[in-house]
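**Q** Could you work out the structure for the sequence below:
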Amino acid sequence: MNNERRKQIKAIIKGVEVIQSEINKVLEDEQYAYDNMPEGLQNSDKGMNSEESIELLESAIEKIDDCINDLSGII
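**A** Coordinates of the predicted model:
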């Protein structure tokens, strides 16, 4: 891989890291909201939906980590 394509990959990694950071902020907000729900609400559909959202956001962050690691291996 030449230097120009390496620079492109580095720029892509930075962009992906920004997206990951934004997703992490949403995750933190959702986790905070869930943690501050009354216990009865946590056990309701709303609470279960919130838990599922948290799990999916965590999964997305892990996949983005994998992507960043793969791209970093190129440069």
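**Q** Who are the packing partners of the strand or helix carrying residue 7?
**A** Here residue 7 sits within helix 3-35, counting by DSSP states H and E. If contacts are counted by 3 or more Cβ pairs under 8 Å, 6 or more residues apart in numbering; DSSP states H and E, helix 3-35 sits against helix 45-74. For the C-beta atoms, the positions are set from N, CA and C on the backbone; glycine is no exception.
**Q** what's the helix it packs on packed up against?
**A** helix 3-35, helix 39-42.
**Q** can the ones you listed go into TSV with extra columns for mean neighbour count?
**A** What follows is these, written out as TSV (neighbours: other Cβ atoms under 10 Å):
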stretch	mean neighbour count
helix 3-35	13
helix 39-42	11
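**Q** nearest to residue 53, of those helices?
**A** Residue 53 lies closest to helix 3-35 among the helices and strands packed on helix 45-74, at 5.5 Å (Cβ to Cβ).
**Q** Find the residue at the geometric middle of the chain.
**A** Central residue of the chain (Cα atoms, centre = their mean): residue 61, 2.9 Å from the mean position.
**Q** what separates that residue from residue 16, distance-wise?
**A** 11 Å (Cβ to Cβ, to the nearest Å).
**Q** now do residue 6
**A** Distance from residue 6 to residue 16, by Cβ to Cβ: 15 Å.
**Q** What of residue 8?
**A** In terms of Cβ to Cβ, residue 8 sits 13 Å off from residue 16.
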